[in-house]
Structure formats: C-alpha cells, structure tokens
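K.L.:
Fold the following and give me the result.
(one chain, ligands or ions: 3)
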Amino acid sequence: MNNKMLAGTKPKVIIVDDDDTTRMMAMGFLSQAGFTVAEANEGSSALRMVLADPPDLIILDVEMPGMDGFEVCTALRDYPKFAHIPILMLTGLENDEYIEKAFVAGATDFASKPINWSLLCHRLRYMHRTSLAAEQLVKEQTKLAVAQRIAQMGSWSINIGTSKGEWSNQLYRILGFKPAETDSTIENFLQLVHHHDRDRVENWLLNVDKLVEVSSIEHRIILNDGKVKTVRQQAEPELDSVGRTISINGIVQDVTDQRLVEKKVHQLAYFDTLTRLPNRVLFHDQLTLTMEHARKNNTRLALLYFDLDDFKRVNDSFGHAVGDKLLCEVGNRLVDTLNASDSVHEHRITNDIIARMGGDEFIIVLNSIQSCSDIERIAERIIEVVSAPYEVDGFELFSSPSIGIACFPKDGEEIETLLKNADLAMYEAKRTGKSMYMLHTDAMAEKALRRSNIDIQMRSALDNDEFSVNYQVQVDLENKQIFSAEALVRWKNDKLGFVSPAEFISVAEDNGLIIAIGEWVLRKSCHQAKAWQDADFPVSQIAVNISVHQFMRSDFIDTVRRALYDSQLPADRLELEITESLLASDTNRAVDTLNELHELGVKLSIDDFGTGYSSLSQLKNFPIDRLKIDQSFIRNITENPHDADITKAIIAMAESMNIHVLAEGVETVDIFQFLRSCGCDEIQGYLISKPVSAIELEQNMPSVQALLEELFLSENSDKLRLAG
Ligand code: C2E
Ligand code: MG
Ligand code: MG
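P.N.:
Ligands and ions are numbered 1, 2, ... in the order given. Below you'll find the predicted structure:
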C-alpha cells in the first residue's frame, strides 16, 4: 500500500507564490494539517526544487514576476515523471480565462483567492489520495504491459453495442503495427489472418459471444512484411447484471517460437534426422494402425526389411559424411519409387510406410497387397533403384539392398513377429548372395533356431576340445605325387553330433569365434605339417583355410608368424587359402597383407575360384601362387561343355600368369583324365582321398599312393591302347 498519509509519512507540498503572506499562511495551515511544506517565491527556483526533490503536491500561484504559474506548470508537465504530480493553481477570484489556461497548462485543480485554507487542506488531501491511486494504476498497467510483452501476448476487446474494438499496445506490436497506423477493428484483424484460416477464425469470433466460458483458437497471421506467425487466441464474453453480453474480451498470444520448438521436438522424436523418414518409434505407431485397418478389412500387408550390402565399406573407405549422404539418397529413391505410379499395382492404395530403422536398415510396409507377384515386382524395383550408381561428393558409389519380406497375417499377426521374420528372410538373402530379396518361409525359422543352437554350443567347444582337423591330400599331376594336404576343421558336439564346417563356419564368423577357432586350426596344422616333415611323410606342405574375418585383423600376420615359429614349420610349407571375396573387399589393405605374407615365404591360394566376382586380370595385383577351381565347375566338367570351357580358360590364363591351378572335388576317373588332358596342374577330391584324421592319413598313405600309381598307369595303358 502506497498511501503515505496512512503509512504515517507526511506528504510533501511545495507552495510557490511571490506573496510572502500567502506562503506564510500556507506553511501554517498545511503543517498543521499534516503536510511537510517547502516554499518558493518565484517560478525558476520552484522548478529547481521540484527537480532536486520531487514533492507529492504543488500549489502554484498564477501571477508571479519572471516565470508565471502557467509557464512553471507547462515546464513541469514536459517531464514525463512529473506528468501526474497533482498541481493546484491559485487564480484570481473567479477568473474564467485563468481557469481555462490552467487546465490547458496541465493543472490538476484550481482554487481562487482569497483562499479558505482549511477547505484547501481537505482538497489537497483528496487530491493526494487520488494521485496515489492513479500512480498505483499506472504501475499496474506498466507491469501488465511488461508481462504481456514477456508472454508475447496482447489483448483486445469489442463492445457489442458500439462494435468498437480496442487493442493493447502489445497486440499492435504482435501484429506489426504502430497504434496510429491502423484502426482496432475486427475487419483489420481478419485481413492479417492466413487465408486458409480466415473462415475458421471468423466463425469463431462470431460465436464467441454465445459461449459462457473461455474459448480458444490457434491460427496463422501474415504480417505486412510477409512473416508468418502462429497465434493463439482466447476470448470470453463480458455480461451485464442481467446476463446480456456487453463486450468480448480476448487475448492473442504469439506462439510461433513455441510451435517451432514443438515441431522440432516432434521431428526429433519421430523422424530420422538424416533421411527425414519416420524413425523406429513412428514406424511402430504407423504399423499398429495399418495392421488394425488390415485386420478389419481383411487385407494383406507386406513388410520389406532391408539393409545395404557392404555399407560399412562405404563408411570405412569414404568416411561417414559420404556414408550419410548415400543413406539420404537411398531414402529419397525409396520415397520416389513408392510414390511413382508405375511401381505399384493400379488397384493398390499407396499409403505405404517407409521408415529408417537405424544404421543402413530401412523398412517398407506395402498396403493392400493383392498377390505375391505384387510384392515381388516392388522388391525387384527397389533392388534396381537402390543399386543404381550414386554420385556423392565427386565419388561414384555403388550399393545394393538385401531384402527380407514378411507378410501380414501369414508370417505373423504381431509387429514383433513380423519384424523378426522379415529380418530372418533378410539374413537369408544376405547369406544366399546379397542384392536380392527373400520371402519368409517357416523353414527359415527352423534354420535360425539351428544356427542359434550351434551358436550356443560353439561357445564352449574350444574349451571342451570338441574340434579336430582332417586332412585331404592334394596331388601334383605333373610329378604324379602328393604334394600337400588341406586342413579341414571338424566339430563333434554332444548335443548336435557332427556339425559340418559349411554350416558352423558362418555362425563362427557372425559371433566372432572364427578368430579363436581359425587360430587353433592354423597352429594345429602347422604342428602336424612339421611332424610330417620330420618323419619324411610324403605330405610336404599344409593348406589352411582362412576366413576374411581373420585375414582382416591387424594382428593376423603376427598370428601366422607365431604359428610358424612355435611349430618350427618353414614358411614355404604353409599355404593359406583365402576366398575371392577378400580380393574385392578392401583391395589396398588386402594387397598389403598378401604382400607381407608373401615376403614371409607363405604361399597363397584362392579357394573356390570362379564363384565370386574377381576377374583373372584382377589377380595380377596379388601375389597368388594357386587357384583352386570350385567343385561346382569340376563336378559336371565331362558333361557340361560350359563348365569345361570355363575350366580350360582358367587354366590357360593362370598358366600365362604363372599361377598353379588345382581342381577341387575330383570324384571320378573320367574327371581326373579330363583335367589331365586340359593341362590342369593339381587335383584334390574323393577320388584320391576323403578328408581324414592325421592318423588315418598316415595309415592310408600306402593305399592312396598305390591308387595314384594305378591311376597314372591306367592312363598310360589307355594311351598305349589308343596308340596301338
Ligand atoms: P573348401 O575349403 O572348399 O573345402 C573343400 C570342401 O569340399 C571340404 O568340405 C571337403 O570335404 C569337400 N570335398 C573335398 N573333395 C570333395 C569331393 O570330391 N567331392 C565333394 N562333394 N566334396 C569334396 P568341408 O570339409 O565340409 O568344408 C567345407 C568348407 O568349410 C570348406 O570348403 C571351407 O570353406 C570351410 N572350412 C573347412 N575348414 C575350415 C577352416 O579350418 N577354416 C575356415 N575358415 N573354413 C573352413
Ligand atoms: Mg579350402
Ligand atoms: Mg574350395
């Protein structure tokens, strides 16, 4: 409470008059009435006093030498801080002209001489009280304006009777006007409302008076400078004592920034920042709705889950920024493809879902699927589109998707089951050959279960000594002798029985155990080869299969060195079999490692040659000693001219590059003879010996050698027969 009189402080009055008697009278009466009184006998000193210590009230004589009362009053009112200080002017008796002039100069009230001092004291007290209330009101209004400014809020009201509107200064500011620039009418306000929102806002305004409580609306306005703002309005009717609406009062809040932040938060929560596609969370919500709809309408959905083959290589070779741009482009292509009319069946409703699940994983849900061929056609189209070359930061990049497909409701009625099954199918697509799609089948789940059992059992297999190595001899056709044996790992587990390496090696590659298992096989084989060397056994060299995962490790060369050192096997008696995919993977690094191994003296061969994509000419860059032609070509070589041609071409090219050629999977005498006639250097296969344990091989060696002799002999007798 700011009432100085009530609070006990005395209000201060300055009496300004050139007449000594009047000042003296004023001092006496006013002090008695509880005022603190100061005096001035002319205008300019009065002004100085007021400036130095502003009083609560001023009594100002009109007629003074020098500055008169009007001038003093006008000068004071020029100061904003003295705009509301109560000034009482003392005029001559009933002088109308003076009274009028005093009003114009800004006086608060007047009294005419001669003065009734006791009455004047009462008047001053009333004036003081009114001034305190006004001061309080101004303060409140200022506070309200500040609050409105901080809250970016303005207010308005419309008088229903007169249709006159009133806008607060802050509302003018929100609307981008100065109060003098536009009239506060509804029409002027509606002019600013975004044309899409105008009808809605107009309708709302028309109905606000019919409501009993606060109602609100949110809409856009376009300012004169073209800026678009979002505002929220709330309004309430004001009623008279009999319940009639007399006016409507409202507020307008500028919520532009708030909505932008909310949009951003929403964007971050539900959309992938990179591709701007829905993220996993939104995907889940969308799919839930889509599935509900499909359930009700008895329609089918297809979930296409895919990731990019070898995407890691793009990141590793070109950096994450390039990888990110590639992912964005993949997202764009997906959106374009699914929106394009030619990619979808004309009967389909195309509100498909496309989302990025994280990393290089994307998911597409196709709605209202009619048939399997619909899905297959779209899957093929996606492979085609995603596999087209990319131009990123001046690099030409290639990528391809492996797609797993699960259908609703056939492959699952719940999201999690569908996702799991699509993922299984994707995994199969990857294993089978990449850049392809696979529809989920029940067998995949069985296969996955089997892999999971293998995975679990494998974890303790090394410790339980469940692995062993078998050896399969390799024969030099030129010297007609066994020159080497390939080490092939074997696994026998209590629960699973014998598990083929063709089955468990890929699991070991996935769970990382291939590193320990591979090293174990390498060391075991080196020791075996050394023992055979010491015993003069006719296997002078050992060939060990190496997984890309082992090869790509920075400590791989050390592992090989250690195995050689610990076994004391000369390096040139060890051959490492690597796969073609390694040559294609990360060429520079692969070349370095291969060169280092070559310098060590270790021999290198390419296993299963012909199944990958490496060309013979590419081999020039690698220090390769031997190519092992894959058994799939050898198996039908005598019947299939195409396979025979490929084999012959490989042999001819390899010869020109000084690389040996070994044919795998030789099972029959016919194949043996055919390969001899083509000039193949070496063979390996069941015809000579199956892979067997070291002991068995030692025991079998005499019979294996006898068999070889017979084979070469019969060949000679065939020739003799032919010659004869
Ligand atoms: P691979 O290296 O191409 O080995 C040749 C495979 O063909 C062996 O199968 C062998 O038993 C089989 N084979 C040999 N001669 C014939 C034949 O005349 N006819 C037929 N039908 N098959 C023949 P295995 O032992 O089941 O090994 C399969 C694959 O597992 C190997 O193919 C190799 O890629 C991988 N593997 C085996 N041991 C290891 C190992 O220690 N480390 C790694 N990383 N992979 C291994
Ligand atoms: Mg091999
Ligand atoms: Mg092979």
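K.L.:
Residue 541 contacts residue 528, doesn't it?
P.N.:
No: using CB atoms under 8 Å, residue 541 is not in contact with residue 528; the gap is 11.5 Å. Every C-beta, even on glycine, is put in place using the N, C-alpha and C of the backbone.
K.L.:
How about the helix or strand where residue 696 lies, which residues are buried there?
P.N.:
Using DSSP states H and E, residue 696 sits within helix 694-723. In terms of neighbour count (16 or more other CB atoms under 10 Å), helix 694-723 has its buried residues at 694, 697-698, 700-701, 704, 708, 711-712, 715.
K.L.:
again with stretch 132-152
P.N.:
132, 148, 152.
K.L.:
Return the distance of the helix or strand hosting residue 651 from the chain's centre.
P.N.:
Take DSSP H and E as the rule and residue 651 turns out to sit in helix 641-656. Relative to the chain's own centre, helix 641-656 is displaced by 50 Å; criterion: CA atoms, centre = their mean, to the nearest Å.
K.L.:
Same check on stretch 460-470?
P.N.:
44 Å.
K.L.:
With stretch 643-663 instead?
P.N.:
For stretch 643-663, the distance to the chain centre is 50 Å (CA atoms, centre = their mean).
K.L.:
is any part of that stretch close to ligand 1?
P.N.:
No: for stretch 643-663, no contact with ligand 1 is found by CB under 6 Å from any ligand atom; the gap never falls below 9.8 Å.
K.L.:
Could you list the alpha-carbon positions for that stretch in CSV?
P.N.:
Output of stretch 643-663 as CSV, limited to C-alpha atoms (Å, rounded to 0.1, in the frame of the first residue of the first chain):
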residue,chain,number,x,y,z
ASP,A,643,31.9,-75.8,-67.2
ALA,A,644,34.6,-77.4,-69.3
ASP,A,645,35.2,-74.2,-71.2
ILE,A,646,35.4,-72.1,-68.1
THR,A,647,37.9,-74.6,-66.6
LYS,A,648,40.0,-74.6,-69.7
ALA,A,649,40.0,-70.8,-69.8
ILE,A,650,41.0,-70.5,-66.2
ILE,A,651,43.9,-73.0,-66.7
ALA,A,652,45.1,-71.2,-69.8
MET,A,653,45.0,-67.7,-68.2
ALA,A,654,46.6,-68.9,-65.0
GLU,A,655,49.4,-70.6,-66.9
SER,A,656,50.2,-67.3,-68.6
MET,A,657,50.4,-65.6,-65.2
ASN,A,658,52.5,-68.3,-63.7
ILE,A,659,49.8,-69.3,-61.2
HIS,A,660,49.1,-73.0,-60.5
VAL,A,661,45.6,-74.4,-60.9
LEU,A,662,44.2,-77.0,-58.6
ALA,A,663,40.8,-78.6,-59.4
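K.L.:
Now do that stretch: everything it contacts.
P.N.:
474, 605, 609-610, 616, 619-620, 624-629, 633-638, 671, 674-675, 678-685 (CB atoms under 8 Å, 6 or more residues apart in numbering).
K.L.:
What residues of it count as buried?
P.N.:
So for stretch 643-663, counting by 16+ other CB under 10 Å, buried means 643-644, 646-648, 650-651, 653-654, 659-663.
K.L.:
Single out the residue in the stretch 301-450 of the chain that lies closest to ligand 1.
P.N.:
Nearest to ligand 1, among the residues of the stretch 301-450 of the chain, is residue 431, at 14.1 Å (CB to the nearest ligand atom).
K.L.:
Wait, a strand at that residue?
P.N.:
No: counting by DSSP: H, G, I helix; E, B strand; the rest coil, residue 431 falls outside a strand, being helix.
K.L.:
does the residue nearest to it when sequence neighbours are not counted count as helix, strand or coil?
P.N.:
Nearest residue to residue 431 in three dimensions, chain neighbours excluded: residue 506, at 6.9 Å (CB to CB, 6 or more residues apart in numbering). Secondary structure assignment for residue 506 (three-state DSSP): helix.
K.L.:
Go ahead and confirm residue 171 touches residue 156.
P.N.:
Yes: Residue 171 is in contact with residue 156 according to CB under 8 Å; the separation is 5.7 Å.
K.L.:
Are there residues contacting both of these two? Which ones?
P.N.:
Residues touching both residue 171 and residue 156 by CB under 8 Å, 6+ apart: residue 252.
K.L.:
Compare the two and say which is more crowded by neighbours.
P.N.:
Ranked by neighbour count (other CB atoms under 10 Å), residue 171 and residue 156 place residue 171 first, with 23 against 19.
K.L.:
How about the contacts made by the more buried one?
P.N.:
154-156, 252.
K.L.:
can you pull out the helices in the stretch 101-250 of the chain?
P.N.:
With helices called from DSSP state H, counting those that start in this stretch, the stretch 101-250 of the chain shows them at 117-150, 169-175, 186-192, 198-208.
K.L.:
Only alpha carbons, please: show the second one as CSV.
P.N.:
Below are the C-alpha coordinates for helix 169-175, written out as CSV (Å, rounded to 0.1, in the frame of the first residue of the first chain):
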residue,chain,number,x,y,z
ASN,A,169,-0.1,-1.8,-27.5
GLN,A,170,1.4,-5.3,-27.2
LEU,A,171,-1.3,-6.6,-29.7
TYR,A,172,-0.3,-3.9,-32.1
ARG,A,173,3.3,-5.0,-31.7
ILE,A,174,2.4,-8.7,-32.4
LEU,A,175,0.5,-7.6,-35.5
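K.L.:
which parts of this protein sit against ligand 1?
P.N.:
472, 488-489, 500-502, 505, 518, 521, 545-547, 577, 607-608, 631, 664-667, 684-686, 691.
K.L.:
Now, those that are in helices?
P.N.:
In this view, these that belong to helices under DSSP state H are 501-502, 505, 518, 521, 631.
K.L.:
got CSV for those residues, with neighbour count too?
P.N.:
Formatted as CSV, those follow (neighbours: other CB atoms under 10 Å):
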residue, neighbour count
501, 18
502, 7
505, 20
518, 24
521, 24
631, 17
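K.L.:
okay, among those residues, which ones form the most distant pair?
P.N.:
Put simply, by CB to CB the two of those set farthest apart are 518 and 631, 21.8 Å from each other.
K.L.:
Next one: residue 390 from residue 399, what distance?
P.N.:
In this view, residue 390 and residue 399 are 7 Å apart by CB to CB, to the nearest Å.
K.L.:
so what sits against both of the two?
P.N.:
residue 326.
K.L.:
okay, those two: which has more neighbours?
P.N.:
Neighbour count, other CB under 10 Å: between residue 390 and residue 399, residue 399 has more, with 22 against 18.
K.L.:
List the contacts of residue 406.
P.N.:
Per CB under 8 Å, 6+ apart, neighbours of residue 406: 302-303, 305, 412, 418-419, 421-422, 425, 440.
K.L.:
Inside strands: which ones of those residues?
P.N.:
Among those, the members found in strands (DSSP state E) are 302-303, 305.
K.L.:
What segments of the stretch 201-350 of the chain are strands?
P.N.:
With DSSP state E, counting those that start in this stretch, the ranges of strands along the stretch 201-350 of the chain come out as 215-222, 228-239, 245-254, 300-308.
K.L.:
Burial-wise, tell me which of those comes out on top.
P.N.:
Among these, strand 300-308 has the highest mean neighbour count (mean count of other CB atoms under 10 Å), at a mean of 25.
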